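Asker: Got a predicted model here, sequence first, then my questions.
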Amino acid sequence: MEELNALFHGFAVVITPYNLMMMFIGIGLGVLIGVLPGLGGANGVAILLPLTFTMAPTSAIIMLSCIYWGALFGGAITSILFNIPGEPWSVATTFDGHPMAKQGKSGEALTAAFTSSFVGAFVAVLLVTFLSPVVARFALKFGPPEFFAIQMLTFCSFVGMGKEPPLKTISAMMLGFALAAVGLDTMTGQLRMTFGWMELLRGFDFLIAVIGLFGIGEILLTMEEGLAFKGESARLNMQVVLQTWKKLPKYWVTSVRSSMVGCWMGVTPGGATPASFMSYGLAKRFSRDPEKFGRGTIEGVIAPETAAHAAGTSALLPMLTLGIPGSPTAAVLLGGLMIWGLQPGPMLFVEQKDFVWGLIASMYLGNIVGLIVVLTTVPLFAAVLRIPFSIIAPVIIAICAVGAYTVHNAMLDVYVMMLFGVIGYVFKKLNYPMAPLVLALVLGDMAETAFRQSMLVSHGNLGVFWSNPLVGSIATLALVMLFWPLLARGLQALKGAKAA
Amino acid sequence: MNDDGPVTTRTMELITAAALMVIGATVMWDSARIGAGWDSNGPRSGYFPFYIGLLILISSGGTFAGAIFSKSGKIFVAHTALRSVLQVLVPTIVFGALIAFLGIYAASAVFIAYFMIRMGDFPWPTIGGVSLGVPIALFMLFEVWFLVPLPKGPIEALLGY
């Protein structure tokens, strides 16, 4: 009951004309960002973050998180109409969404996508509302070893669960940690890896990295593919929406399963992209006629969209309660919290009640606003995509440069951002994962502090990570995740030996 | 044409892994320099990064070894594709350099106009409209409404900013 009271208090904080306006602006910008190539949730929020430095934290996070919801919605538009995933998590939506549009059922596909996104997000917000206070209360008892173990689990999960080669995942992740260590060591005041270059004193800001890796890198990749936008037209009116809504309840099993997959993948740092693929795969496996998948079945749209939104939303649960973001965009939002002077983690629920519950309340409202906005404005955003890439590309590059500059008002950052763009392009082509790099860059200092404090307590004995059942099981789980690729291979070999 | 390219994926794998190994070694070297051990206050500044550097060295060493033994002749990027990428990358770098002299707004206008002339087939009014409209919109947003100062050049100085 306590949660409900807090939530109502949150609604009271959120419902002011100013915050509602921020919500609409955020959703609108978010959909635009989701539709445009080269701008996504993570770097879109990163570019706009400096504009919020002077705003009240609650209004700022409402606007930024609404950009995130908007981007989640927007990815579906390009997938269905243009067969181009605007965001990685909407790749699975193209499988059935685009065939539907080709059959002239674009309105039905879009309505199904938006509605399932909304359902997925709603389930995830319920989870956040009732589970996060519990997790936060539990996490209040955590000491440095527990925090480091959780962070280790996060990072090891990337190795164990990622599609990329494990060695490359480790390289990318450690590169993130190394870049995070550049500059002033906050514990001792020692300068690290600046090589006498004063400009490096500040270190590498993850916002710059995000803008370069996801913005410029993406534009370079798009150029290489020589992309031409050829899309189906968007016909969406009230009648189509209502007809589709009548059909949707039939697929409640798919919705429930996809929401569960999404929430699980969002809370553990699997992220929205694998969640959408996994959910699509499961829907196909459990379907009575799996042959329909890939040719334009509505279930093939519901499954990935529900899961992607559920994952994207529930990624905020570990961010708020433990200070560990579940996705790159959540990582950028976490960076925002620190810039506004809020320390993410369990204390947030004790010290910043207005902020936390305002944010959670805004998730409910933001998704309702989002659903209304996308259902009414699809043709407008589809028109944006018809603007030639030779106009969009330079404009986005210019916006990325402005975004990089505003973080610290430093020209060097613009060049660093461009360098990260090239790194992003090469990494993407060679299958190095980007998400662990960004997360390591964000969490580097926190992880290092937790590790060094743990070492101080134990006088350098790594046994501190197995000093009580809680930290021991988290640390063991982390190691299992880390060596999962090897374990899986071993198990396979054993099975093979038995079969022979 | 499309199956030909200046560099194979294997070569790029080797270059990237080697670059990462150099970074790893540099991180270890610098951490050792400032002290990777313990003193009376606990772990010193290089303690944590030293092992980070070591992990970069080991993991990219593994990738490097894997690439040496790979026999795949796949190309990294085709000539035509590389040309399109450079068509964006080179002007972007020039744009970066221009910002230092012209300020970000004028540089953006030049950059957008160049790009539209080079890559598209637009009538002059469209080119003028977009290349001037975007910087003006950015100027209004940042300098006027949000009061965030961006790098400005001689043109803005002439206009009194």
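Answerer: Great, that's in hand.
Asker: Which parts of chain B are strands?
Answerer: With strands called from DSSP state E, chain B shows them at B:7-8, B:38-39, B:42-43, B:75-77.
Asker: Once you drop chain neighbours, what's closest to residue A:74?
Answerer: residue A:34 (2.2 Å; CB to CB, 6 or more residues apart in numbering or on different chains). Yep, even glycine has a C-beta here, placed from its N, CA and C like the rest.
Asker: what's the burial count for that neighbour?
Answerer: Residue A:34 is flanked by 28 other residues according to other CB atoms under 10 Å in any protein chain shown.
Asker: quick check: longest helix of the chain.
Answerer: As the question left the chain open, I've gone with chain A. helix A:106-139 (DSSP state H).
Asker: not what I meant, chain B
Answerer: In chain B, taking DSSP H as the definition, the longest helix is helix B:79-119.
Asker: Show me what that one is packed up against.
Answerer: In terms of contacts (3 or more CB pairs under 8 Å, 6 or more residues apart in numbering or on different chains; DSSP states H and E), helix B:79-119 is packed against helix A:217-225, helix A:389-408, helix A:411-429, helix B:124-139, helix B:154-158.
Asker: related to what we said a few turns ago, you'd agree the residue nearest to residue A:74 is in a helix?
Answerer: Yes - checked against DSSP: H, G, I helix; E, B strand; the rest coil, residue A:34 lies within a helix.
Asker: State the pLDDT value of it.
Answerer: Predicted confidence (pLDDT) for residue A:34: 81.
Asker: so where's chain B uncertain?
Answerer: Residue ranges of chain B with pLDDT under 70: B:1-3, B:161.
Asker: Can you give the domain ranges for it?
Answerer: Domains of chain B are assigned by automatic domain parsing as B:7-77, B:79-158.
Asker: Okay, buried residues for stretch A:193-203 please.
Answerer: Using 16 or more other CB atoms under 10 Å in any protein chain shown as the test for burial, stretch A:193-203 gives A:193, A:194, A:200, A:202, A:203.
Asker: If we check chain B, which of those residues are in contact?
Answerer: residue A:193 (CB under 8 Å from any CB of the partner chain).
Asker: still on that earlier bit, how about the strands of chain B, which one is nearest residue A:443?
Answerer: Closest to residue A:443 of those, according to CB to CB: strand B:42-43, at 18.3 Å.
Asker: Mind jotting down where the strands sit in chain A?
Answerer: Along chain A, counting by DSSP E, strands occupy A:183-184, A:191-192.
Asker: what distance separates the first one from the centre of its chain?
Answerer: Same thing as strand A:183-184. With CA atoms, centre = their mean, to the nearest Å as the basis, strand A:183-184 stands 28 Å off its chain's centre.
Asker: what packs against that strand?
Answerer: Counting by 3+ CB pairs under 8 Å, 6+ apart, strand A:183-184 packs on strand A:191-192.
Asker: ok, back up a step: considering the buried residues of stretch A:193-203, which is situated nearest to chain B?
Answerer: Nearest to chain B out of these is residue A:193 (CB to the nearest CB; 4.9 Å).
Asker: was I right about the closest one contacting residue A:185?
Answerer: No - Residue A:193 is beyond contact range of residue A:185, at 10.0 Å (criterion: CB atoms under 8 Å).
Asker: ok, and which of the strands of chain A has the densest surroundings?
Answerer: Each of the strands of chain A was scored by mean neighbour count; the highest is strand A:191-192, a mean of 21, by mean count of other CB atoms under 10 Å in any protein chain shown.
Asker: Quickly run through the sheet partners of it, with directions.
Answerer: Using DSSP bridges, strand A:191-192 pairs in its sheet with strand A:183-184 (antiparallel).
Asker: average pLDDT across the strand it pairs with?
Answerer: Averaged over strand A:183-184, pLDDT sits at 81.
Asker: if I look at residue A:170, how far off is residue A:51?
Answerer: Separation of residue A:170 from residue A:51 (CB to CB, to the nearest Å): 36 Å.
Asker: quick one: which of those two has more around it?
Answerer: When residue A:170 and residue A:51 are compared for neighbours, residue A:170 comes out ahead with 23 against 18, by other CB under 10 Å.
Asker: Now that one. Nearest residue, chain neighbours left out?
Answerer: For residue A:170, ignoring the flanking residues on the chain, the nearest one in space by CB to CB, 6+ apart is residue B:59 at 4.0 Å.
Asker: Which of the residues in stretch A:142-160 are classified as buried?
Answerer: Across stretch A:142-160, burial judged by 16+ other CB under 10 Å covers A:142, A:144-160.
Asker: likewise stretch B:93-110?
Answerer: Buried residues in stretch B:93-110 (16+ other CB under 10 Å): B:95-96, B:98-99, B:102-110.
Asker: I'd like to check what contacts it. Which residues are they?
Answerer: Stretch B:93-110 is contacted by residues A:397-398, A:401-402, A:405, A:411, A:414-415, A:418, B:111, B:131-132, B:134-136, B:138-139, B:150-156 when judged by CB atoms under 8 Å, 6 or more residues apart in numbering or on different chains.
Asker: one more time with 7 Å
Answerer: Contacting residues not belonging to stretch B:93-110 are listed as A:398, A:401-402, A:405, A:411, A:414-415, A:418, B:111, B:131-132, B:134-135, B:138-139, B:150-153, B:155-156 [CB atoms under 7 Å, 6 or more residues apart in numbering or on different chains].
Asker: how far does it sit from the chain's center?
Answerer: Averaging C-alpha positions (CA atoms, centre = their mean) puts stretch B:93-110 16 Å from its chain's average.
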